[in-house]
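[1] Following is a predicted model, sequence given first.
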4 protein chains.
Amino acid sequence: MAMSAKTKDKYQRILDAAVKVFAQNGFYNSKVAEIAKEAKVADGTIYLYFKNKDDILIKLFEEKMNVIIAKLQEKLEGVSDPLEKIRIYIHSHFEMTAAHPDLMEVITVELRQSTKFMKEYDNKQFNRYLRALSDMIRDGKDAGLIRQDINPGIQKRALFGIMDELSLYLVLAGENAKYTVESMSKEVADSFILGLTAPLS
Amino acid sequence: MAMSAKTKDKYQRILDAAVKVFAQNGFYNSKVAEIAKEAKVADGTIYLYFKNKDDILIKLFEEKMNVIIAKLQEKLEGVSDPLEKIRIYIHSHFEMTAAHPDLMEVITVELRQSTKFMKEYDNKQFNRYLRALSDMIRDGKDAGLIRQDINPGIQKRALFGIMDELSLYLVLAGENAKYTVESMSKEVADSFILGLTAPLS
Amino acid sequence: MAMSAKTKDKYQRILDAAVKVFAQNGFYNSKVAEIAKEAKVADGTIYLYFKNKDDILIKLFEEKMNVIIAKLQEKLEGVSDPLEKIRIYIHSHFEMTAAHPDLMEVITVELRQSTKFMKEYDNKQFNRYLRALSDMIRDGKDAGLIRQDINPGIQKRALFGIMDELSLYLVLAGENAKYTVESMSKEVADSFILGLTAPLS
Amino acid sequence: MAMSAKTKDKYQRILDAAVKVFAQNGFYNSKVAEIAKEAKVADGTIYLYFKNKDDILIKLFEEKMNVIIAKLQEKLEGVSDPLEKIRIYIHSHFEMTAAHPDLMEVITVELRQSTKFMKEYDNKQFNRYLRALSDMIRDGKDAGLIRQDINPGIQKRALFGIMDELSLYLVLAGENAKYTVESMSKEVADSFILGLTAPLS
DNA sequence: GATGAATGAGGGTTCATTCAT
DNA sequence: AATGAATGAACCCTCATTCAT
């Protein structure tokens, strides 16, 4: 689906407007007209680029998760230590949250709804994201760094849950957050990795 | 606000109906009329017991979280080891999820929305729940069982995030879940506690 | 589908309002809100009695055609001469048009649209109406009053076409109509019946 | 309004596309964009040739009715017997319906709507068509072939009504029509003319 | 208290029309 | 002239809430 520069621009403007509006009001309390206004396009223009309101959210996930995953991959480039990868993921996720709070809020808050109510939508990107996590853990096991009793399928969700919840905290607390990205990264990485690597007494 | 037995019954019936309907469709896709039908009361009757639709969700949190917390307290009765308390919390949360999937689904999925969009509602119960977790961790530190560098404010959210995400998995996977409550409890408790207690290399 | 007096009243009020509004603007140029206003009910009330806007038109046909057919049957009561029946039908149709121009206009103008675009709707009443006509003609043939070469299936439509077109003329011309119901009835009845009965030279 | 060959071509293409689309969906359910697509022109191009959507229908009537009338005139060329003219008209109308069902469907189905809702549009062609019919009847009276009590103003509409309704039947029945053009022509011509000419008993 | 018919504000979406290119 | 992306007014319908009974 090739797009002209101008068109791509408008598509992106609507998507960015949607991020802002959804972050502010949540999906269900957001009006399409508000997104249009924020994007400085007419209401009808939105329907040239998106099938309907749901589709905006779906496309938002796909596009933005793609970017997030790409950025993560970039940072993991050349890193071979699985534990170091986990540290980088954790730091990267918090950094992303601090840099794009609106986007992360939408993804964090609305993802659950969508997981459940847009069942037809497979949410491939999210699954890719989760798989990247279990891959790191599996690699750690293979390398003998992580205990053999560790279950990557459970731990990938555990780690995602930690990050999701703490990201939400960061986003909602905003200026009032008591912890820095650095301190949270260290705290979470240390304890999570230790949980996987320390010998069971 | 004293209630007669009959009245209390109707109030509870509406609340239970709401759990079922919200779990099935999510808050925003649920209709008050559907809850009324499920509770076998007239639409208008709901407004004798609840201020509005939002209020149903709020009351649902308050009432049900109260019960959940009470059950947890009960299990913690007489337990003094902070680490054991954490194990019990983890097991209890998973057990609750398996026993009341609808309720846990609503709490898990809708809590985030509400956290953000019903700002007027303080969500005291949720904060009590979180505080119970940080208390356990703090007690562990005081008892010298948990490292001094551990931050209870971060870890309470980390733990809650783990449980929230894995509960959601259990609930959505339903019959297809690959892990049992027991195996998940052990995996999570072992690694989380080890993360807090093992010496930082 | 039993209805209370009050409910039936509201249902009828909406139907009558629809007749008026559709007659004035045509189906597609009529707004549901306008019908509601005319019926002195809220917009939403209409949807308690009708599935959607199309359904109003469908129900209007069913209900009103039923009444029209009933009135015709009443007048045909006790008449055995098939030719006399045809005369009575013609007169009755014109009379109905003069007495209820709005209703006849809607039926006349919108029936064709509906015939084509509401294919799912069988329009049983209309077919009953047509069949009543072919029955008269068939009876006339059986009685030896109408020529044997006459095809009732064609003539029923021919007669309906005549009445439909002349009714439309009456309705649209209104006060300016050049012909009276009586003169039109006589003209049409005389020539149509003669066309069926006179010997082919 | 002189048009180049190319331009005229595009104008006609749009008109033909409109016939097809209107026949399929009816005027109000047809989209200008669909007509444009069918005509293989851009949406905006339509507005270079037509004032608006209504204007397409109006021009369609004018142009096509002109052709229809011209063809009828051609067939009537050299015919002096008024009754024969009526027979020719009847046959010609049915033939036209069989040859151009889409066009006749649009004219038949949409004419009534337009008659009523595009009041500003006088529909001169339709009136010319009707006048041609009354002229035949008047001529028949003058020639002593048709009874003096016959009213051409009423009969022209009666005849048009017959043809309109039976054309609609032909068009809607399509392949399933039970009658041929020839049999319908004979049946209608015989009985209609007999109705005008046979002595009133 | 209980009912459920009635309300009417609100919003997603369509589509005829315009206009910059 | 031709294009087709963009516009935004218009409208059907939903559903939380009310209120007469």
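    Nice, I can see it.
[2] Looks like A:Met104 contacts A:Ser92 (just checking).
    No - here A:Met104 lies out of contact with A:Ser92, judged by CB atoms under 8 Å, at a distance of 11.8 Å. Backbone N, C-alpha and C define where each C-beta goes, glycine included.
[3] The two: who's more crowded?
    Set A:Met104 next to A:Ser92 and count neighbours by other CB atoms under 10 Å in any protein chain shown: A:Met104 wins out with 25 against 19.
[4] Up against DNA strand F, what does chain A have?
    Within chain A, the residues that sit near DNA strand F (CB under 7 Å from any atom of the strand) are A:Lys6, A:Thr7, A:Lys10, A:Val41, A:Ala42, A:Asp43, A:Gly44, A:Thr45, A:Tyr47, A:Leu48.
[5] Tell me which residues touch the fifth one, please.
    I take that to be A:Ala42. A:Ala36 (CB atoms under 8 Å, 6 or more residues apart in numbering or on different chains).
[6] 6 Å instead?
    Listed by CB atoms under 6 Å, 6 or more residues apart in numbering or on different chains, A:Ala42 has no contact partners.
[7] How is chain A divided into domains?
    Per the record, chain A has its domains at A:1-50, A:57-197, by automatic domain parsing.
[8] and of those domains, who's closest to D:Lys156?
    domain A:1-50 (47.4 Å; CB to CB).
[9] all helices for chain A, in order.
    A:5-25, A:32-39, A:43-49, A:53-76, A:82-99, A:101-117, A:124-142, A:152-173, A:181-197 (DSSP state H).
[10] What's the mean pLDDT across the fifth one?
    Averaged over helix A:82-99, pLDDT sits at 96.
[11] in it, what counts as buried?
    By 16 or more other CB atoms under 10 Å in any protein chain shown, the buried positions in helix A:82-99 come out as A:82-83, A:85-94, A:96-98.
[12] what's the answer for the longest one, then?
    Neighbour-count burial for helix A:53-76 flags A:Lys53, A:Ile56, A:Leu57, A:Ile58, A:Lys59, A:Leu60, A:Phe61, A:Lys64, A:Met65, A:Ile68, A:Leu72, A:Leu76 (criterion: 16+ other CB under 10 Å).
[13] The third one now?
    Burial within helix A:43-49, assessed by neighbour count using 16+ other CB under 10 Å, is assigned to A:Ile46, A:Tyr49.
[14] repeat for stretch A:166-182
    A:Leu166, A:Ser167, A:Leu168, A:Tyr169, A:Leu170, A:Val171, A:Leu172, A:Tyr179, A:Val181.
[15] I'd like the residues you listed as TSV, with pLDDT and distance to C:Arg147 appended.
    As requested, the buried residues of stretch A:166-182 are exported to TSV (pLDDT from 0 to 100; distance: CB to CB, whole Å):
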residue	pLDDT	distance to C:Arg147
A:Leu166	96	94
A:Ser167	94	90
A:Leu168	91	88
A:Tyr169	92	93
A:Leu170	93	93
A:Val171	91	89
A:Leu172	86	89
A:Tyr179	95	101
A:Val181	95	98
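[16] These into a markdown table, with extra columns for distance to B:Ala23?
    Below are those laid out as a markdown table (distance: CB to CB, whole Å):
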| residue | distance to B:Ala23 |
| --- | --- |
| A:Leu166 | 26 |
| A:Ser167 | 25 |
| A:Leu168 | 21 |
| A:Tyr169 | 25 |
| A:Leu170 | 29 |
| A:Val171 | 26 |
| A:Leu172 | 24 |
| A:Tyr179 | 33 |
| A:Val181 | 35 |
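[17] which two from those end up farthest apart in space?
    A:Leu172 and A:Val181 (15.2 Å).
[18] Could I get the contacting residues of the residue lying closest to A:Val79 once chain neighbours are set aside?
    Once flanking residues are discounted, A:Val79 sits nearest to A:Lys85: 5.5 Å by CB to CB, 6 or more residues apart in numbering or on different chains. Shown in contact with A:Lys85 (CB under 6 Å, 6+ apart): A:Leu76, A:Val79, A:Met136.
[19] Next, format these as CSV and append distance to DNA strand E.
    Formatted as CSV, the contacts of A:Lys85 follow (distance: CB to the nearest atom of the strand, whole Å):
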residue, distance to DNA strand E
A:Leu76, 38
A:Val79, 43
A:Met136, 39
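[20] Could you pick out the residues of chain A near chain B for me?
    A:26, A:28, A:109, A:112-113, A:117, A:151, A:154, A:157-158, A:160-162, A:164-166, A:169, A:187, A:191-192, A:194-196, A:198 (CB under 6 Å from any CB of the partner chain).
[21] For chain A, which residue gets nearest to chain D?
    Closest residue of chain A to chain D, CB to the nearest CB: A:Leu48 (12.3 Å).
[22] ok, A:Ala177 - contacts?
    A:Leu170.
[23] Can you find the helix or strand of chain A with the lowest average pLDDT?
    helix A:101-117 (a mean of 79; mean pLDDT, DSSP states H and E).
[24] angle of that one against helix B:5-25?
    100 degrees (axes from the mean of the first three to the mean of the last three CA atoms, to 10 degrees).
[25] Relative to DNA strand F, which of the contacts of A:Lys85 is nearest.
    Set against DNA strand F, the nearest of the contacts of A:Lys85 by CB to the nearest atom of the strand is A:Leu76 (36.9 Å).
[26] how near is that closest one to A:Ile193?
    16 Å (CB to CB, to the nearest Å).
[27] just A:Gly153 next, same as before
    Distance from A:Gly153 to A:Ile193, by CB to CB: 18 Å.
[28] Between those two, which is the more surrounded one?
    A:Ile193 (23 against 15).
[29] who's in contact with the more buried one?
    Contacts of A:Ile193 (CB under 6 Å, 6+ apart): A:Leu83.
[30] Quick one, grab the pLDDT at it.
    A:Ile193 is assigned 98 on the pLDDT scale.
[31] Then the one 5 residues further on?
    According to the prediction, A:Ala198 has pLDDT 96.
[32] count of neighbours near it?
    19.
[33] What are the phi and psi values at the closest residue to A:Leu57 other than its chain neighbours?
    Spatial nearest neighbour of A:Leu57, excluding adjacent residues (CB to CB, 6+ apart): A:Phe27 at 5.8 Å. Dihedral pair for A:Phe27: phi -60, psi -50, per degrees, to the nearest 10.
[34] just A:Leu200 next, same as before
    phi -70, psi 120.
[35] can you tell me which residues contact the residue nearest to A:Leu168 when sequence neighbours are not counted?
    Distances taken as CB to CB, 6+ apart place A:Thr108 nearest to A:Leu168, at 4.9 Å, with adjacent residues excluded. Applying CB under 6 Å, 6+ apart to A:Thr108 gives the contacts A:Asp164, A:Ser167, A:Leu168.
[36] What is the nearest of those to DNA strand E?
    Distances from DNA strand E to the contacts of A:Thr108, taken by CB to the nearest atom of the strand, are shortest for A:Leu168, at 23.9 Å.
[37] pLDDT at A:Leu159, what is it?
    pLDDT recorded at A:Leu159 is 98.
[38] do the same with A:Gly174
    For A:Gly174, the model assigns a pLDDT of 86.
[39] In space, what's closest to it - neighbours in sequence excluded?
    With CB to CB, 6+ apart as the criterion, A:Gly174 has its nearest non-adjacent residue at 7.2 Å, and that residue is A:Pro101.
[40] what's the spacing between the one you found and A:Tyr28?
    Using CB to CB, A:Pro101 is found at 20 Å from A:Tyr28.
[41] ok and the residue in chain A nearest chain C?
    A:Asn52 (19.6 Å).
[42] so how far is B:Gln113 from that residue?
    Taking CB to CB, one finds A:Asn52 at 21 Å from B:Gln113.
[43] The two: which is more packed in?
    Using other CB under 10 Å as the criterion, A:Asn52 and B:Gln113 rank with B:Gln113 on top: 21 against 11.
[44] phi, psi of the closest residue to the more buried one other than its chain neighbours?
    Nearest non-adjacent residue to B:Gln113, counting by CB to CB, 6+ apart: A:Gly26, 6.0 Å away. Main-chain torsions, A:Gly26, degrees, to the nearest 10: phi 80, psi 160.
[45] Quick one, grab the pLDDT at A:Gly26.
    On the pLDDT scale, A:Gly26 gets 91.
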